[in-house]
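>>> Dropping a prediction and its sequence here:
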Amino acid sequence: MNARAVSRCASVIVLAVALLLAASAFLARPARAQAYKYKDSSGHVHFTEDYYEIPERYRNQIETREMPVHVDPNAAGKDEAPLPGGGAAAASFENGVAHGMGGNLTVKQQDALHAWMKKWVWPWVAAMVVNVIIALAMVIHAFVQGKIGWGLANFFLGVTSPFYMMMHLEQSLVVRVGLLFLYLSPMIVGGIAGAELAAALR
């Protein structure tokens, strides 16, 4: 078996393993819901899962809690699904957006942000999975081809992978450009999503 055949076999194995690991990581993760805690002017503590039930004057002092979601199979479709990537990460992102805008978001901006997250979280995750798969394939390809320096650089630096792909991959220019586009897809998706978010929060 020549080096090119070994390289292709290794790439296929890496792609399969990476896809299985990514799929299992997302499918095995339990669903989470966001719960909010706040104290009113009388000192009473309130808990709710609906952000919009909290009066606006208390929204700057809410605490968030991540809670498991118990799905009733007989109630499918009755309630809206929790926000993808919800929980602490979503709350932190939302708080970061609010802080970046100089304070609390209006209800309209909250709705726009939630809709934006539901629309863009999975495309961005998919783009990241594709990016990682291609990066791992370039690392293995470099080692199989005996280009140890390139392999180490691709693994530890990552920024060398696009150059390696264009210079050393034994594929047509069209295939290499297509792979480069897929490798850069997280930045492309992030740029488009960021522009849409900025427009939605105006």
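All right, it came through fine. Being a predicted model, the structure only gives us computed values, none of them experimental. Numbers count the residues shown, from 1 in each chain.
>>> Next, work out how far apart the residue lying closest to residue 200 once chain neighbours are set aside and residue 143 are.
Of all residues not flanking residue 200 in the chain, residue 112 sits nearest, at 4.0 Å (CB to CB, 6 or more residues apart in numbering). Where you see a C-beta, it was placed from the backbone N, CA and C, and this is true even at glycine. Here the criterion is CB to CB, to the nearest Å. By it, residue 112 lies 46 Å from residue 143.
>>> my read: the residue nearest to residue 200 touches residue 202, true?
No - shown here, residue 112 and residue 202 do not form a contact pair, counting by CB atoms under 8 Å, at 9.3 Å.
>>> neighbour-wise, which of the two wins?
In terms of neighbours (other CB atoms under 10 Å), residue 112 is the more surrounded of residue 112 and residue 202; the figures are 18 against 6.
>>> how far away is the more buried one from residue 124?
Relative to residue 124, and taking CB to CB, residue 112 is found at 17 Å.
>>> just checking, what packs against the helix or strand hosting residue 153?
Under DSSP states H and E, the secondary-structure element containing residue 153 is helix 148-156. In this structure, helix 148-156 makes packing contacts with helix 107-144, helix 161-168, judged by 3 or more CB pairs under 8 Å, 6 or more residues apart in numbering; DSSP states H and E.
>>> And that helix, what's buried?
For helix 148-156, burial by neighbour count (16 or more other CB atoms under 10 Å) applies to 150, 151, 153, 154, 155.
>>> if I pick the fourth one, what's in contact with it?
Looking back up the chat, that one is residue 154. Contact analysis of residue 154 by CB atoms under 8 Å, 6 or more residues apart in numbering lists 135, 138, 139, 142, 160, 161, 164.
>>> Any stretches of the protein with poor pLDDT?
Applying pLDDT under 70 to the chain picks out residues 1-34, 66-91, 101-103.
>>> any idea how far residue 52 is from residue 38?
Summarising the geometry, the distance separating residue 38 from residue 52, computed by CB to CB, is 13 Å.
>>> Which one of these two is surrounded by more residues?
Ranked by neighbour count (other CB under 10 Å), residue 38 and residue 52 place residue 38 first, with 19 against 11.
>>> if I've got this straight, that one is in a helix?
No - the assignment for residue 38 (DSSP: H, G, I helix; E, B strand; the rest coil) gives strand, which keeps it out of a helix.
>>> What's the local residue count around residue 53?
If you count neighbours by other CB under 10 Å, residue 53 ends up with 10.
>>> What distance do you get for it to residue 117?
For residue 53, the distance to residue 117 (CB to CB) stands at 20 Å.
>>> Now do the phi/psi pair for residue 170.
In terms of degrees, to the nearest 10, the main-chain angles of residue 170 are phi -80, psi 60.
>>> burial of it, as a residue count?
Counted with other CB under 10 Å, the neighbours of residue 170 add up to 12.
>>> next one: the one 5 residues further on
Using other CB under 10 Å, the number of residues around residue 175 comes to 12.
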